[in-house]
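1. Sequence first, then the predicted structure:
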Amino acid sequence: MNRQMVVHQFTVDLRGRDAVGNHTMQVDEILRELGADTTLYASHADRRMRKLSRDFRYHATDPAPDLIIYQASIGSVVADYLLTRNESLVINYHNITPAEPHYKHFPHLAAALDLGRQQLARLCRKACYAVADSEFNAGELRRLGIRNVAVVPPLLDGSVLPSASESDAIGRRVRGGRLPDLSQNTRSRKTDVVGKRLRGSRLRVPPLITRTRQTDTADKRICRGTRVTLLFVGRLAPNKRQEDLIATVAILRRWLSGVELVLVGSSVADSYARALKDFAKRIGVDDIVRFEGSVSSKRLAAWYRTADVFVCLSAHEGFCVPLVEAMAWGVPVVALESTAVPETLGSAGVLVSEPSPTLVATTIERVLNDQALRRKSSVRGLARAQQFSPGTRQLLQQTLEEILADNVPVS
Amino acid sequence: MSDAELTDSKRAKLIQSEIGADATKRKKNDPTLESLEREMQESWDHIAEGTDTATTNRQALFGQAGNGSVVNADASTRNWRRQGFTKTILRKLVRRYLHDVVHQLNTLHQSQGRLLSELEKRIAKLELSDPAQPILWEMIAPVAEPEPELCAHIARVLSSVQGSVAVIAGGNHSIVEALERSGVAVHALGQRQQKDQIGSGLNSGLGPGVGSPIEDLIAFGDGALGAVVLSGVVESYNASTLLKLLSEAVRATAANGFVIVAVADPSDRVGPEADLMQGLGLEPKTWAFLLEKQGCSVDLLELSALRVRCVVVAQVL
């Protein structure tokens, strides 16, 4: 007689406002819907998540499960512990960023990433099944020897995505061609303020933007004004290459007036964030680069609503959830053609082959001024985003059903 | 790829090239752009180089070291609320101290991880270019010739194989002889590290080589062989050579053909051989694992009272 399946899910860091944390919670929800008895274990959990999970160090004394699912994204003792377990193991792989770019700013994080890659190779020998965010990630796992790899994109945080009515409105606006005319922002004077600032000139950069309303108002609304807002969402981390975005906006302001760059995302460590701020100041764009830090879902949605172009110059992405969020909000995307980015974008977005500031700035300017290209990019983005949700949930449910069926416990 | 997608990708490439040309033109028309890019890059390099690394940033270290840590300073400090004021203050102070200690411990742990990984890489490099290898070969005795029972076992397994069999083994070719007796067509690729160690196989006219079984196998096309037998000297190759050898063996073997590994278990070595051949050869279970990874179905044939106690028989699927 079959009894209820007991599934233990492990993750390193369980946070509510985090792609892996959000995915883990949704996997847990689906497993429960499928009738499994589930428990979440984490090495660290934020205050909210602590109530929903157990410290993995107590796992050894808990009753053994039938199946273990590990959300792999970084090196940790959790993986070492799982290597000692005999239960069937499923790896849900969210990609491990290469360590090398992090050694300069976050040596300890880099070491953890290195460790993660070593552990992943060992886990792959042990795992019976794997789920990867993208074909790019699946390829990595297959190279490590797992044959059963399903590709299921990460589940998205619904609170950041537009509601059904908003989606309809965005669709109508984008398809109906009512896009704001941004060509008026093209600058007639080409003042080399950046160059002068770099060469030690004391020239003060005149404010290009007249802020009609403060953005930090109590109701957290963000006002467009006459600005052109470039948005990037992601941790401040060397592999995301925010310095290239800042350099790009320095070039772009020579051609476009009222341009601003908004960087949303928490800083993993102060040193890199400080370097970015110093860099923005040194090249004279500190007045048009906003470091928003970590923001609430509501405010993040407001930024997507406000953004004119989403720019991503990350050197390494295993999937890149913000790309999908931007597409869902109808924001045209300009992104560096690297790792899993082209796969996530599909035929939407405009790719750049290298992060050269002039090339990226030219691409952004083209997207802003070429109405047809902007509309096409937005329309395709909307269609692409719809492929991920709620279809992804169904796909994940099917995959988990298959995994559970292959591991049916018999009492 | 559908026509529509093809058109999309073509169109995307066209737009990309148009934009690329526009950017190049702009750089040509405005030389300051190039110098500005360069200056910004230099500026970033300078700032990034001069920025305090995370080693001086204790708060950041706490956050990060904690993520992959062995020890959690917060684990033992739960349920403070119902305790008295003094006790709470004391616990908070202890916790603050513990945070420091834990941070150091976790950083040490992760640095060790990094060091170990670098050490691994360096060892792998050393293994690849080990200058001591030729000296080693002179000091240790040649791998013992397989016993007649072992040869008979291999011949039995391969009696019905289609196509010819390549034998990578010692030059004395006892496996070859056993196969020939059972009517199997054989390519003998006898190997020794030293040419003078090749025995009767050298005179058999079957083409034994010296020291490069991988190159010998490369000469065969994909699936050209019915089976490959790895024996004798193979047990003294290092892991990286063995991996290449295995992948070539599987490639050269036809579907449903066999790759047979008949080598002694390195853990059975004793005396000087055990010391001098450390890290060389693989255990039968490891062979089986590697062959499974190459897509073969693997059986382990246990043989009693022989030097080679276990023969790995892998069928290429």
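-> In hand now; what should we look at? Note that the structure is predicted; figures quoted are calculated from it, not measured.
2. Show me where chain A dips below the pLDDT cut-off.
-> Residue ranges of chain A with pLDDT under 70: A:1-2, A:17, A:177-226, A:269, A:389-390, A:408-411.
3. Show me the domain layout of it.
-> Following automatic domain parsing, chain A resolves into domains at A:6-155+A:390-406, A:164-388.
4. Throw the ones you listed into a markdown table and include mean neighbour count and distance to B:Val298, thanks.
-> (Glycine included, C-beta is placed from N, CA and C.) Output for the domains of chain A, formatted as a markdown table (neighbours: other C-beta atoms under 10 Å in any protein chain shown; distance: least, C-beta to C-beta, whole Å):
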| stretch | mean neighbour count | distance to B:Val298 |
| --- | --- | --- |
| domain A:6-155+A:390-406 | 20 | 14 |
| domain A:164-388 | 19 | 33 |
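5. A:Ile283 is in contact with A:Ala247, correct?
-> Yes: contact criterion C-beta atoms under 8 Å: A:Ala247 and A:Ile283 qualify, at 7.1 Å.
6. if I look at these two, which residues touch both of them?
-> Contact criterion C-beta atoms under 8 Å, 6 or more residues apart in numbering or on different chains; residues shared by A:Ala247 and A:Ile283: B:Met40.
7. rewinding a little: adding distance to B:Glu147, write the domains of chain A out as JSON lines.
-> What follows is the domains of chain A, written out as JSON lines (distance: least, C-beta to C-beta, whole Å):
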{"stretch": "domain A:6-155+A:390-406", "distance to B:Glu147": "33"}
{"stretch": "domain A:164-388", "distance to B:Glu147": "53"}
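8. now those in CSV, with distance to chain B?
-> Output for the domains of chain A, formatted as CSV (distance: least, C-beta to the nearest C-beta, whole Å):
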stretch, distance to chain B
domain A:6-155+A:390-406, 4
domain A:164-388, 3
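9. mind checking the longest helix of the chain?
-> All of this refers to chain A. Ranked by residue count and defined by DSSP state H, the top helix of chain A is helix A:107-126.
10. You answered for a different chain; I wanted chain B.
-> Longest helix in chain B, counting by DSSP H: helix B:85-128.
11. What's the mean pLDDT across that helix?
-> Mean pLDDT, computed over helix B:85-128, is 76.
12. tell me the angle of that helix relative to helix A:107-126?
-> 70 degrees (axes from the mean of the first three to the mean of the last three C-alpha atoms, to 10 degrees).
13. who does helix B:85-128 touch, helix- and strand-wise?
-> Packing contacts for helix B:85-128, counted by 3 or more C-beta pairs under 8 Å, 6 or more residues apart in numbering or on different chains; DSSP states H and E, involve helix A:107-126, helix B:58-67, helix B:239-252.
14. how far does the longest one sit from the chain's center?
-> What it means is helix A:107-126. Remark: helix A:107-126 is offset 21 Å from the chain centroid, using C-alpha atoms, centre = their mean, to the nearest Å.
15. so where do the helices sit in the stretch 251-400 of chain A?
-> Here the stretch 251-400 of chain A has its helices, by DSSP state H, counting those that start in this stretch, at A:270-282, A:297-306, A:321-328, A:341-345, A:357-369, A:371-388, A:391-406.
16. Which of those sits closest to A:Ile251?
-> Taking C-beta to C-beta, helix A:357-369 is the member of these nearest to A:Ile251, at 4.1 Å.
17. Just the angle for the closest one relative to helix A:371-388, thanks.
-> Following the same axes, to 10 degrees, one obtains 90 degrees for the angle between helix A:357-369 and helix A:371-388.
18. count of residues packed around B:Ser9?
-> 13 (other C-beta atoms under 10 Å in any protein chain shown).
19. follow-up on the earlier one: nearest to B:Arg181, of the helices and strands packed on helix B:85-128?
-> Closest to B:Arg181 of these is helix B:239-252 (C-beta to C-beta; 23.2 Å).
20. same for the helix or strand following the longest helix of chain A, what does it pack against?
-> The C-terminal neighbour of helix A:107-126 among helices and strands, as given by DSSP states H and E, is strand A:129-132. If you count contacts as 3+ C-beta pairs under 8 Å, 6+ apart, strand A:129-132 packs onto strand A:88-93, helix A:135-143, strand A:149-151, helix A:391-406.
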